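Colleague: Let's see this in three dimensions:
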Amino acid sequence: MKAWLARLHTWVGVIVGVQLVVWLGSGLLMGLLDPEAVSGERTRAPTPELALAWPEQAVPPDALIARSALPVLLVERAWRLERPVWRVQTQAGTALVDARTGAPWRPTRKEILRVARADYSGPGSALEPRYWTQAPLEARGHEGPVWQVDFDDAAGTSLYIDAQDASVLERRNDTWRVFDIAWMLHIMDYTGREDFNHPLIVTFAVAGLWMALSGLWLLGYAIKAGHLRPRWRAAQVRVPVGGAIDSGPPTVTGRRGETVLAAFARAKRPLPSRCGGGQTCGMCVVRTAGDAPISDGDRRLLTPEELQAGMRLGCTLPISDGLRVDIIESDTRPGWQEAVVEQVRACSASLREIVLRPLGPMPAMRAGSYVLIEVPAYRLERERWLGDALPLPITLLEQVGEVLANSQPLQRAYSPSLTPQLCDGRLPLLVRLDVDPARPIAIGRGSAWLFALEPGARGRFMGPFGDFRLKPGAHEKIFIGGGAGMAPLRAMLWEALQAGGKERIHFWYGARRAGEVPYEDELRALAAAHEHFDFHVVYSEDDNAGFGPRWVHEAVHEGLLRAHGALAECEFYLCGPPAMLSATRGLLAEIGVAPYRVAFDDFDA
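Modeller: Now for the predicted structure:
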């Protein structure tokens with residue numbers, strides 16, 4: 001339960017956290033605003049002392065009550081400018097009656113303007129009054145028609161005056177309007193701006209309470225697991241290591257409670273991982289005693305048989321007394337190997353092929369597998385990026401600045417575009433760096449370093465790893481890719497052709513525009529030489545033979561899958577950017593392709 005709860009806690013925390021910033025920011029803003037400026041009291045004129053006497057012949061209140069068609073709730077004296085009036089309040093509202101004549105009195109536009117000027121003491125002049133049949137948002141809370149009188153002062157003052165009894169209802173100005181927006185954000189009532197029990201604020205309050213409770217649960221879990229113990233107090237445990245992956249010592253020292261993945265990384269003997277301990281890639285599998293604790297990630301990514309055999313994810317297995325770890329050996333020997341850059345070639349504006357020549361014997365490798373490249377800490381000056389043969393576009397350099405830096409060593413996974421068996425023992429890597437000036441640039445630290453490599457440079461790699469590979473059998477194969485996803489698909493294509501099979505093979509590749517397709521001439525030549533193989537390119541920003549820009553998953557659906565009569569017998573191999581991969585998998589699920597027929601390599605895993 002912990003893994004999904006932690007993820008949910010994180011995402012709810014992001015949403016609640018954004019609203020918390022809004023709450024705090026709006027509350028701070030309201031606290032900083034001057035209350036007198038908000039209320040508009042500085043431009044309110046003092047109430048004059050009227051020396052006028054109430055007329056002796058005024059209509060008595062009893063007469064007003066007797067002639068009213070509705071029960072009268074209140075009758076009181078009032079002055080409107082120099083006019084004596086009775087304010088008669090009924091269930092229908094308040095009306096004014098001329099005290100001298102007993103006739104109903106309703107203020108005119110000119111009299112409303114005089115009331116506004118009498119109530120205002122600022123430097124501005126009154127503008128033409130505006131009549132509202134229903135009170136606007138600034139005068140909310142009042143029923144019936146109102147007059148709005150604006151003044152041309154720097155404060156943006158507006159008075160709202162009751163259209164029936166000429167009383168000043170509200171004083172508004174620009175400072176109040178800022179306060180009102182902050183209040184709206186604070187109480188999350190974006191329509192009426194009055195309801196403090198609005199469903200939105202109640203929802204976020206419940207979410208905040210859930211955040212606190214789930215946080216306490218996760219805190220208890222972390223304390224129990226020893227994750228919060230200070231490093232200097234954590235007991236050191238020596239973990240025997242079997243299944244040699246390199247020539248390192250037979251033990252790794254870890255802190256009690258930390259994960260095997262973290263302990264091995266600190267000991268400079270990293271386990272393969274693309275998700276960095278996120279329990280999503282399932283590559284850091286080790287073998288231990290069968291009674292080792294089983295995490296949610298273990299259950300999600302390992303089979304019951306593997307769990308029974310003692311296999312666990314290194315990113316969830318905690319270091320404990322008596323723990324022994326066996327690194328699972330494959331038919332290859334994963335260990336760090338030295339390599340030299342033999343060739344760097346531009347495949348397109350954003351893709352480069354970097355050919356590594358291992359300095360030691362290269363294990364056999366299946367197409368679709370990947371290797372881990374060690375990216376050191378580096379600092380790349382601008383001139384380092386301006387190579388003579390393969391200069392980067394100046395638009396990219398202007399957005400990047402003078403220096404790109406990486407402070408900590410890291411690992412990045414790359415799938416060779418040909419296996420060493422088909423490339424004279426070499427590892428050709430296809431590296432992508434987005435250079436489109438129309439898009440926001442987020443340069444990867446690994447791809448930036450690889451793009452700066454020159455022939456003769458040295459590096460280290462580990463592998464091969466992964467289970468993205470061709471399935472046995474002669475089923476029809478459909479490759480769908482984009483971007484650097486060309487690499488493993490090209491390797492798989494060559495492996496299938498070299499095997500001599502005659503099953504149909506389709507390759508659909510998505511690019512932004514013409515000129516951005518790596519190995520295009522080679523693949524078109526292969527299609528011409530093998531009648532059972534066809535190659536299609538789809539452009540998302542250029543025209544496609546009169547069909548306009550298209551997405552590759554839409555094109556393959558229209559051009560192949562919609563009319564295909566035997567999809568249940570086909571195998572699908574997908575690799576490319578996350579958005580393309582998600583859209584294509586969704587399409588295949590929608591048209592009824594069984595999940596076990598779809599193999600993919602997820603760049604986000």
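
Colleague: For stretch 281-299, which residues meet the burial criterion?
Modeller: Neighbour counts over stretch 281-299 (16 or more other Cβ atoms under 10 Å) mark 281-288, 292, 295, 297-298 as buried. Glycine gets a C-beta too; all of them are placed from N, C-alpha and C.

Colleague: Next: stretch 349-361.
Modeller: 349-358.

Colleague: Name the SS class of Ala263, please.
Modeller: helix (DSSP: H, G, I helix; E, B strand; the rest coil).

Colleague: Confidence-wise, which helix or strand of the chain is lowest on average?
Modeller: Lowest mean confidence among the helices and strands of the chain (mean pLDDT, DSSP states H and E): helix 394-400, at a mean of 50.

Colleague: quick one: the helices in the stretch 51-200 of the chain?
Modeller: 61-67, 109-119, 174-187, 199-225 (DSSP state H, counting those that start in this stretch).

Colleague: Minimum distance to Phe507: which of these has it?
Modeller: helix 199-225 (46.1 Å; Cβ to Cβ).

Colleague: could you give the mean pLDDT of that closest one?
Modeller: Computed over helix 199-225, the mean pLDDT rounds to 79.

Colleague: which parts of that helix are buried?
Modeller: Per 16+ other Cβ under 10 Å, helix 199-225 contains these buried residues: 201, 204, 208, 211, 214, 225.

Colleague: Would you format those residues as TSV with distance to Arg238 included?
Modeller: Converted to TSV, the buried residues of helix 199-225 look like this (distance: Cβ to Cβ, whole Å):
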residue	distance to Arg238
Ile201	54
Phe204	49
Gly208	44
Met211	39
Ser214	36
Ala225	20
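
Colleague: how about the helices in the stretch 501-605 of the chain?
Modeller: Assigned by DSSP H, counting those that start in this stretch, the helices in the stretch 501-605 of the chain fall at 520-529, 552-556, 578-590.

Colleague: could I get the ones you listed as CSV with mean pLDDT and distance to Ser158?
Modeller: Formatted as CSV, the helices of the stretch 501-605 of the chain follow (pLDDT from 0 to 100; distance: least, Cβ to Cβ, whole Å):
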stretch, mean pLDDT, distance to Ser158
helix 520-529, 94, 66
helix 552-556, 92, 54
helix 578-590, 92, 49
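
Colleague: quick one: the longest helix anywhere in the chain to helix 199-225, angle?
Modeller: For the chain, the longest helix by residue count, based on DSSP state H, is helix 2-32. For helix 2-32 against helix 199-225, the angle by axes from the mean of the first three to the mean of the last three Cα atoms, to 10 degrees is 130 degrees.

Colleague: quick one: buried residues of helix 2-32?
Modeller: Burial within helix 2-32, assessed by neighbour count using 16+ other Cβ under 10 Å, is assigned to 2-3, 6, 9, 13, 16, 19, 23, 26, 29-30.

Colleague: nearest to Glu522, of those?
Modeller: Ala3 (43.4 Å).

Colleague: what about the stretch 101-250 of the chain, any weak spots by pLDDT?
Modeller: Under the criterion pLDDT under 70, the flagged ranges of the stretch 101-250 of the chain are 221-234, 243-249.

Colleague: And the strands in the stretch 401-550 of the chain?
Modeller: Ranges of strands within the stretch 401-550 of the chain are 403-406, 410-414, 427-432, 458-465, 477-482, 505-511, 533-539, based on DSSP state E, counting those that start in this stretch.

Colleague: before we move on, the earlier item: confidence-wise, which of the buried residues of stretch 349-361 comes last?
Modeller: Ala349 (71).

Colleague: in a helix, that's where that one is, yeah?
Modeller: No - using three-state DSSP, the assignment for Ala349 is coil, not a helix.

Colleague: Serialize the helices of the stretch 51-200 of the chain to CSV and add fields for distance to Ala92.
Modeller: CSV is the format used below for the helices of the stretch 51-200 of the chain (distance: least, Cβ to Cβ, whole Å):
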stretch, distance to Ala92
helix 61-67, 14
helix 109-119, 21
helix 174-187, 30
helix 199-225, 33
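
Colleague: out of the ones you listed, nearest to Tyr160?
Modeller: Using Cβ to Cβ, the nearest of the helices of the stretch 51-200 of the chain to Tyr160 is helix 109-119, at 9.6 Å.

Colleague: for the closest one, packing partners?
Modeller: In terms of contacts (3 or more Cβ pairs under 8 Å, 6 or more residues apart in numbering; DSSP states H and E), helix 109-119 is packed against strand 146-150, strand 158-162, strand 168-172.

Colleague: Kindly format the C-alpha coordinates of stretch 105-118 as PDB.
Modeller: Extracted as PDB, the C-alpha positions of stretch 105-118 are listed here (Å, rounded to 0.1, in the frame of the first residue of the first chain):
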ATOM      1  CA  TRP A 105     -40.600  60.300  -4.000                       C
ATOM      2  CA  ARG A 106     -38.000  58.600  -6.300                       C
ATOM      3  CA  PRO A 107     -34.700  60.400  -6.800                       C
ATOM      4  CA  THR A 108     -33.900  61.600 -10.300                       C
ATOM      5  CA  ARG A 109     -30.600  61.200 -12.100                       C
ATOM      6  CA  LYS A 110     -29.800  64.800 -11.200                       C
ATOM      7  CA  GLU A 111     -30.600  64.300  -7.600                       C
ATOM      8  CA  ILE A 112     -28.500  61.100  -7.500                       C
ATOM      9  CA  LEU A 113     -25.600  63.100  -8.800                       C
ATOM     10  CA  ARG A 114     -26.100  65.700  -6.100                       C
ATOM     11  CA  VAL A 115     -26.200  62.900  -3.400                       C
ATOM     12  CA  ALA A 116     -22.900  61.500  -4.800                       C
ATOM     13  CA  ARG A 117     -21.200  64.900  -4.800                       C
ATOM     14  CA  ALA A 118     -22.300  65.600  -1.300                       C
END
